[in-house]
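K.L.:
Please work out how this folds:
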Amino acid sequence: MKSTLGTAPITPPQANEPCWCASGRKYKRCHKKSEGRVLQGNITPMRPVPDHIARPPYADTGEYEAWDEGRIKSPDIIERMRASGKLAGEVLAMAGKMVVPGITTEEIDIAVHEAFVAAGAYPSTINYHGFPKACCTSVNEVICHGIPDSRELQDGDICNIDVTGWLNGVHGDTNATFLVGDVDPESQQLVQVTEEAMWRGIEAVKPGSPLSDIGRAIELTCKPYKYGVVRAFVGHGIGEQFHTDIQVLHYYDSRSSTIMREGMTFTIEPMITLGTINYKIWDDDWTAVTSDGRRTAQYEHTVLVTDDGADVLTGGPGTASPTAPWLR
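P.N.:
Now for the predicted structure:
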């Protein structure tokens, strides 16, 4: 899907008139098909991270080389992940409070960048495979990996903010979807059910059980609403590396048979749609949007498998999604 810079006029041209973006094409052949959809704004250059901040291996080159990281984390790594997870949760909550009509996602990104740096952490997404910003901001039909830009959030939007921080050699990863001003009931319900689905997935985490139990719980939560559960993007192992080889499907598949063991750490991050689960990628090679332009929401926590369930490393008091909704 081609994204185009600019801002559409309040009154669009007639179908056969020149498009407002000055492309030289007729409106019907250019932007008419994108009416009501998110258009990419201007993206500023990558912001530097001060030299005194410790950096993950990919930070300077953008090249990520995976290594065989153990799935079961040592007590030392787990304690460090508690700190990185706590920080990520706090940064996400701060960013969520900024979500109001008129603010740009670039402004949110700057605040996230500065918050991580002030805490002595590296914003994990910066230059990860070349990604240019300190967080992902995915609005309305954007499923994930939206790049913060100059577009202002509009009354009625929904906006997912995804943050990850690298602190003391480990990553903490979390996201949530926030309402922008006065949001329609259909979108409010989508966001509410998506959060519930994530927590139902977390509730299914138990040592000795297969990872497929997580996807089953999420899918069953969404089924009564006839929502789509995105399959192309999944949860992942996390620790010293941003992504490890554990894959957490958000739908049921019996082949997802990896057994959960005490000490494993991974993310649960369902992406739920009002319509199709099919997607397109913008020309920036990052931004994934629903093919039908209908809205999608996402929530994410980093979890640790314990002896009797899950410890949510990015949750707790003061975070965007502190506990399961039914326990609040």
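
K.L.:
what separates Lys206 from Gly169, distance-wise?
P.N.:
28 Å (Cβ to Cβ, to the nearest Å). To be clear about C-beta, it is placed using only N, CA and C from the backbone, and glycine gets the same treatment.

K.L.:
So between those two, which is more surrounded?
P.N.:
The neighbour comparison of Lys206 against Gly169 (other Cβ atoms under 10 Å) goes to Lys206, with 17 against 14.

K.L.:
you'd agree that one is in a strand?
P.N.:
No. Lys206: not assigned to a strand; according to DSSP: H, G, I helix; E, B strand; the rest coil it is coil.

K.L.:
who's in contact with it?
P.N.:
Going by Cβ atoms under 8 Å, 6 or more residues apart in numbering, Lys206 touches Asp213, Met260, Val305, Asp308, Gly309, Ala310.

K.L.:
got a pLDDT number for it?
P.N.:
Lys206 is assigned 98 on the pLDDT scale.

K.L.:
For the remainder of this discussion, apply numbering that starts at 52.
P.N.:
Got it, first residue is 52 now, which makes that one Lys257.

K.L.:
Next, find the distance separating it from Val354.
P.N.:
11 Å.

K.L.:
between these two, what contacts are shared?
P.N.:
Contacts common to Lys257 and Val354, judged by Cβ under 8 Å, 6+ apart, are Ala361.

K.L.:
Mind checking which of the contacts of Lys257 land in helices?
P.N.:
Cross-referencing these against helices under DSSP state H gives Asp264.

K.L.:
Put the buried members of the contacts of Lys257 into a ChimeraX selection.
P.N.:
Selection of the buried residues among the contacts of Lys257 in ChimeraX, burial being defined by 16 or more other Cβ atoms under 10 Å:
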select :264,311,356,360,361
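
K.L.:
Next, give me the two most distant ones among the contacts of Lys257.
P.N.:
Farthest-apart pair in those is Asp264 and Asp359; separation 14.7 Å (Cβ to Cβ).

K.L.:
The nearest residue to Val193 once chain neighbours are set aside: what secondary structure?
P.N.:
Closest residue to Val193 apart from its sequence neighbours, by Cβ to Cβ, 6 or more residues apart in numbering: Val340 at 5.3 Å. Following three-state DSSP, the label given to Val340 is strand.

K.L.:
in the sheet, who's paired with Val340?
P.N.:
Val340 has these beta-bridge partners by DSSP bridges: Val193, Lys331.

K.L.:
which element is Gln243 on?
P.N.:
Under the criterion of DSSP states H and E, Gln243 resides in helix 236-254.

K.L.:
what sits against Ala348?
P.N.:
Taking Cβ under 8 Å, 6+ apart, one finds Ile209, Asn211, Thr228, Ser238, Leu241, Val242, Thr245, Met322, Ile323 in contact with Ala348.

K.L.:
isn't the second one right up against Ala339?
P.N.:
No. Under the criterion of Cβ atoms under 8 Å, Asn211 lies out of contact with Ala339, with a separation of 11.6 Å.

K.L.:
check contacts around Val340.
P.N.:
Applying Cβ under 8 Å, 6+ apart, the residues near Val340 are Met52, Arg88, Val89, Glu192, Val193, Ile194, Tyr330, Lys331, Ile332, Trp333.

K.L.:
where does the protein dip in pLDDT?
P.N.:
52-61, 79, 82-86 (pLDDT under 70).

K.L.:
so where's the longest helix in it?
P.N.:
Max-length helix for the chain by DSSP H is helix 126-148.

K.L.:
what's it packed up against?
P.N.:
If you count contacts as 3 or more Cβ pairs under 8 Å, 6 or more residues apart in numbering; DSSP states H and E, helix 126-148 packs onto helix 156-169, strand 209-218, strand 221-230, strand 352-356.

K.L.:
can you list contacts of that helix?
P.N.:
124, 159, 162-163, 166-167, 170, 172, 186, 212, 214-227, 229, 289-291, 314, 316, 353, 355, 364-367, 369-371.

K.L.:
Any of those buried? List them.
P.N.:
124, 159, 162-163, 166-167, 170, 172, 186, 212, 214-218, 221-227, 229, 289-291, 314, 316, 353, 355, 364-367, 370-371.

K.L.:
looking at the helices and strands packed on helix 126-148, which is closest to His180?
P.N.:
Comparing the helices and strands packed on helix 126-148 by Cβ to Cβ, strand 209-218 comes nearest, at 13.1 Å.
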